[in-house]
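J.: would you be able to build a 3D model of this:
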Amino acid sequence: MLITTERLTLHSWAEEYFDELFALAQIPETVRYVGTGEPWTPEYTRAKHQATLAHWATHEFGWFAVSAAPGSFDGVVSLVRRSSTESGLGLPAVEMGWWIAPSGWGRGYATEATTAARDFVFSAGFTDRLLAVYEPANKASARVVEKLGFTPHSRFTLEGRVEQRAVLDRPH
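T.: Residues are numbered from 1 along each chain as shown. Below is the predicted model:
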């Protein structure tokens, strides 16, 4: 599946994206606000990659590889179904996340890619509620969340880091 925007193409996740994902997960600036903030090991990356492929097979949506030019790998937009317990909302939701390679920072790629993914998941009827979880210290992600229209929901601490949940309900 492909989603195209003015400048980007979002490709449904495939086996071929493992190496690019691993390379992106090795960049300290990219992972600084993800999980422990440490680069991913090959084993952890493989587990995430396999879970992503399984999510696509089960739910017909999931992570997208972001390309700004044919054959490039410029980031990821993730869409992951969460149960009411996993979401922390008491209701099921699809969690949206994103990583843009540093070479694409400051160009609006995160907003453009996540807007396209948001529109896709809502128009396809995959969910009525999106969830974003981010560190408030990550000002760039906070701006994307705001631009997409998310509303702050709750804060929690995970592994010693403050995290913010924000929600966006599908317009009716």
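J.: every contact and neighbour count from this point should use C-alpha atoms.
T.: Noted.
J.: how about the strands of this structure, start to end?
T.: Applying DSSP state E to the chain gives strands spanning 2-4, 9-12, 64-67, 75-82, 93-100, 129-134, 151-158, 161-169.
J.: tell me which strands the first one pairs with, and in which orientation.
T.: Partner strands and pairing direction for strand 2-4 (DSSP bridges) are strand 9-12 (antiparallel).
J.: swap in the longest one?
T.: For strand 161-169, the paired strands and their directions (DSSP bridges) read strand 129-134 (antiparallel), strand 151-158 (antiparallel).
J.: tell me how many other residues surround Y17.
T.: 16 (other Cα atoms under 10 Å).
J.: repeat that for the one 3 residues further on.
T.: As a burial measure, E20 scores 16 neighbours (other Cα under 10 Å).
J.: in contact with it, which residues?
T.: Neighbouring residues of E20 by Cα atoms under 8 Å, 6 or more residues apart in numbering: F73.
J.: any idea how far W13 is from it?
T.: Distance check for E20 against W13: by Cα to Cα, to the nearest Å, it reads 11 Å.
J.: make TSV from the strands of the chain and add mean pLDDT and mean neighbour count to it.
T.: Shown next, in TSV, are those (pLDDT from 0 to 100; neighbours: other Cα atoms under 10 Å):
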stretch	mean pLDDT	mean neighbour count
strand 2-4	96	13
strand 9-12	98	21
strand 64-67	98	25
strand 75-82	97	23
strand 93-100	96	22
strand 129-134	96	23
strand 151-158	90	13
strand 161-169	92	18
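J.: out of these, flag the one nearest E29.
T.: When the strands of the chain are compared by Cα to Cα, strand 93-100 sits nearest E29, at 10.4 Å.
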